[in-house]
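# 3D model of this:
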Amino acid sequence: MKITNVVCAPGRTGFYFDDQKAIKSGAVSDGNAYLGEPVTPGFTSIRMPGESISVLIVLEDGQVAWGDCAAVQYSGAGGRDPLFLAKDFIPVIDQYIKPALVGKEADSFRDLTKMMEAIEVEGKKLHTAIRYGVSQAILDAVAKSKHKMMAEVVAEEYGCTVSDEPIPVFTQSGDDRYNNADKMILKGAPILPHALINNVDTKLGRDGSILKEYVCWLRDRILKLRTSEDYMPIFHIDVYGTIGQAFGDDNFVAQADYLAELEEAAKPFHLRIEGPMDAGDREKQMLCLKGLREEVDKRGINVELVADEWCNTLEDVIYFCDNKAGHMAQIKTPDLGGVNNTIEAVLYCKERGFGAYQGGTCNETDRSCQVCVNCAMATKPDQILAKPGMGVDEGFMIVYNEMNRIIALKNAK
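Residues are numbered from 1 along each chain as shown. So this is what the prediction gives:
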C-alpha cells in the first residue's frame, strides 16, 4: 500500500525541557520553574515547555498512521542533540522526509527506516527526535497496510515473538518523590521510584545521608501500604552522577562503600542505581562504570548499576554492553533516533546477558509511548518506563493499558 502524503502538526509533550547543566550547577527551583540564567545553548530559560511534532503518514486507502517526534527532558546534555523546537524542524521534515516517503510502498519497516536513517543534511544525520517520530509513523503505516499490530510487525521482521505477559513497568516520581511513591505503591508498580536525585546538597547529601534516609522511608512506606507480602517492587533510583560528585567519579571503593549502605537500607527490596557518576565523556564514563561494577561485583554488593549519561546511541549501548560498564543500560528511546535502533539495542543486550531497560523520557507524548510499548512487547526488555509526565498515574496508565490491549488482541486471534 503506497504512501500518498506526509503531514506535520506541532504539539506539546508530557513534561518540559530542562537545562541540566544549570540545575546541576545549583539553579534554585521556584514552584515549577527555576531561577537563574540558562547555560546550555538554545535554552531561553532553565525550564521550557516541551514540544513535539506529530508526523502523519497518509496511505492510499485513506488510513492515517502517525508517530510523535520528541526529545528528552535534558536535551543538549550528556552528548545529546540540541533543543528540539517544532518551528525549527517541521520545515526539515517537509523538505527531506516527505519527498523520500511519498510514493513508497509501506511494506517493510526495516527498509523504510534504513532509508530514513540514511538521510543527511549538511553531512549530519537528522535530529534524533525527527528520526524517532518518523520511524514510529512508518511502523504504524506498515502495520496498517498489513492489518497487523505494530508489535506483530516488529516480531515478524526481527524474528521475535510477541510477549504473552506485560513487561515490568518502571514509574518515575519527579521531585514529588514522597506523594508520588504512594501512588506507585497503591497501583502496584513493579519498579519504582526514579526519585530524581540530581543535586548533591539538597537530594543526596555530601555524605549520602539524604538519599539513604529516603531509601529507608520508601522501604518502610511499602511495608506499611502494601496489601500483600507478594508485592516486592525493585527500587530503581536515578542519581544523575551525584554519587560521583560526592565521593569521586573514579573512587570506586568509596562509592561501593556507600552503595553497600544503600543496599542494606533497601532490604528486603532489590536496588538499582542509575547514573552513579557523570565522568564528562563517553570513554571516561564507560571506564568509571566498568570499574565500579567490578568493585561492586567483587565485594558481592547486590546493587545493579544502570548506564545512562553518555550511553545515548545504539553504538553507545553496544559499547557499554561489550565492556560490561554497569549491569544494565537505559536504552533512552528518543536518543537513539529511530525506534528500529531501540529494537536492535534491546535485542543486542539480551543476547549478551546485559540488562535491557527500554526507557525514554517524561518529555514524550502518549503516541510515542504507545509505539514504544509495541516494540517492547516484541523484544521483551527487562523493564519499560512509564511515560510521559511525572504524575505517575497518566504514564502508568498509557503504558500498562497498551500492553494489555496487545495481549488481549493476541489471545483473541
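# and Ile301, what is it in contact with?
Residues near Ile301 by Cβ atoms under 8 Å, 6 or more residues apart in numbering: 256, 259-260, 263. C-beta coordinates here come from the backbone N, C-alpha and C atoms, glycine included.
# which of those has the most neighbours?
Highest neighbour count within the contacts of Ile301: Leu259, with 25 neighbours (other Cβ atoms under 10 Å).
# So that residue sits against Ile273, correct?
Yes: counting by Cβ atoms under 8 Å, Leu259 does reach Ile273; the two are 6.5 Å apart.
# tell me, what's touching those two both at once?
Common neighbours of Leu259 and Ile273 (Cβ under 8 Å, 6+ apart) are 243, 303.
# Flag every buried residue along the lowest-mean-pLDDT helix or strand in the chain.
Lowest on mean pLDDT, DSSP states H and E among the helices and strands of the chain sits helix 20-24, with a mean of 84. Within helix 20-24, the residues that count as buried by 16 or more other Cβ atoms under 10 Å are 20-24.
# likewise stretch 109-127?
Buried, per 16+ other Cβ under 10 Å, within stretch 109-127: 109-110, 112-113, 116-117, 126-127.
# How is the chain partitioned into domains?
3-158, 169-412 (automatic domain parsing).
# Distance of Asp61 relative to Ile3?
11 Å (Cβ to Cβ, to the nearest Å).
# Output the longest strand belonging to this protein.
In the chain, taking DSSP state E as the definition, the longest strand is strand 3-18.
# can you give me the offset of that one from its chain's centre?
18 Å (Cα atoms, centre = their mean, to the nearest Å).
# who does it pair up with?
With DSSP bridges as the test, strand 3-18 is paired with strand 47-59 (antiparallel).
# Just checking the distance from the strand it pairs with to the centre of its chain.
On Cα atoms, centre = their mean, the centre of strand 47-59 falls 17 Å from that of its chain.
# now it: mean pLDDT?
Across strand 47-59, the average pLDDT comes to 97.
# do stretch 177-187 as well
On average, stretch 177-187 scores 98.
# Residues in contact with that stretch: which ones?
Residues contacting stretch 177-187 (Cβ under 8 Å, 6+ apart): 171, 173-174, 192-193, 195-196, 214, 217-218, 221-222, 225-226, 231, 233, 390-393, 396.
# roughly how far apart are the spatially most central residue of the chain and Ala70?
Centroid-nearest residue in the chain, with Cα atoms, centre = their mean: Gly360, separated by 1.7 Å. Gly360 is 9 Å from Ala70, where distance means Cβ to Cβ.
# give the contact list for the residue sitting furthest away from the middle of the chain.
Farthest-out residue of the chain from its mean C-alpha position, per Cα atoms, centre = their mean: Asp61, at 34.3 Å. Going by Cβ under 8 Å, 6+ apart, Asp61 touches Met1.
# let's see it at 10 Å
Asp61 makes contact with 1-2, 4, 144-145, according to Cβ atoms under 10 Å, 6 or more residues apart in numbering.
# same check, this time on Gly62
Contacts of Gly62 (Cβ under 10 Å, 6+ apart): Thr4.
# State the pLDDT value of it.
So Gly62 comes in at 97 (pLDDT).
# Pull out the CA atoms of stretch 180-188 and give them to me as PDB.
Provided in PDB are the C-alpha atoms of stretch 180-188 (Å, rounded to 0.1, in the frame of the first residue of the first chain):
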ATOM      1  CA  ASN A 180       4.200  10.000  44.000                       C
ATOM      2  CA  ALA A 181       5.700   7.000  45.700                       C
ATOM      3  CA  ASP A 182       2.400   6.400  47.400                       C
ATOM      4  CA  LYS A 183       0.700   6.400  44.000                       C
ATOM      5  CA  MET A 184       3.200   3.800  42.800                       C
ATOM      6  CA  ILE A 185       2.700   1.600  45.800                       C
ATOM      7  CA  LEU A 186      -1.100   1.800  45.600                       C
ATOM      8  CA  LYS A 187      -1.100   0.900  41.900                       C
ATOM      9  CA  GLY A 188       1.400  -1.900  42.400                       C
END
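# Show me how far that stretch is from its chain's centre.
Distance, centroid of stretch 180-188 to centroid of chain: 20 Å (Cα atoms, centre = their mean).
# just to revisit the earlier point, give me the common contacts of Gly360 and Ala70.
132, 333-334, 368-369, 387-388.
# ok, of these, which come out buried?
132, 333-334, 368-369, 387-388.
# So which of the residues you listed sit within helices?
Per DSSP state H, helices hold the following members of those: 132, 368-369.
# With distance to Asp94 and pLDDT as added columns, please give the residues you listed in a markdown table.
Formatted as a markdown table, these follow (distance: Cβ to Cβ, whole Å; pLDDT from 0 to 100):
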| residue | distance to Asp94 | pLDDT |
| --- | --- | --- |
| Tyr132 | 17 | 98 |
| Ser368 | 20 | 98 |
| Cys369 | 25 | 98 |
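# As TSV, the residues you listed with distance to Asp238 would be great.
Below are these laid out as TSV (distance: Cβ to Cβ, whole Å):
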residue	distance to Asp238
Tyr132	21
Ser368	20
Cys369	18
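# Closest to Asp88 out of those residues?
Nearest to Asp88, judged by Cβ to Cβ, of those is Tyr132 at 15.6 Å.
# Please name the nearest non-neighbouring residue to Pro276.
Excluding the flanking residues, the one nearest Pro276 by Cβ to Cβ, 6 or more residues apart in numbering is Ile243, at 4.4 Å.
# cool, Leu218 as well?
Ala181 (5.9 Å).
# do Arg282 as well
Nearest to Arg282 is Trp310, by Cβ to Cβ, 6+ apart, at 4.4 Å.
# Also Ala71?
Nearest to Ala71 is Phe84, by Cβ to Cβ, 6+ apart, at 3.8 Å.
# what separates that neighbour from Gly133, distance-wise?
The value you get for Phe84 to Gly133, if Cβ to Cβ is used, is 10 Å.
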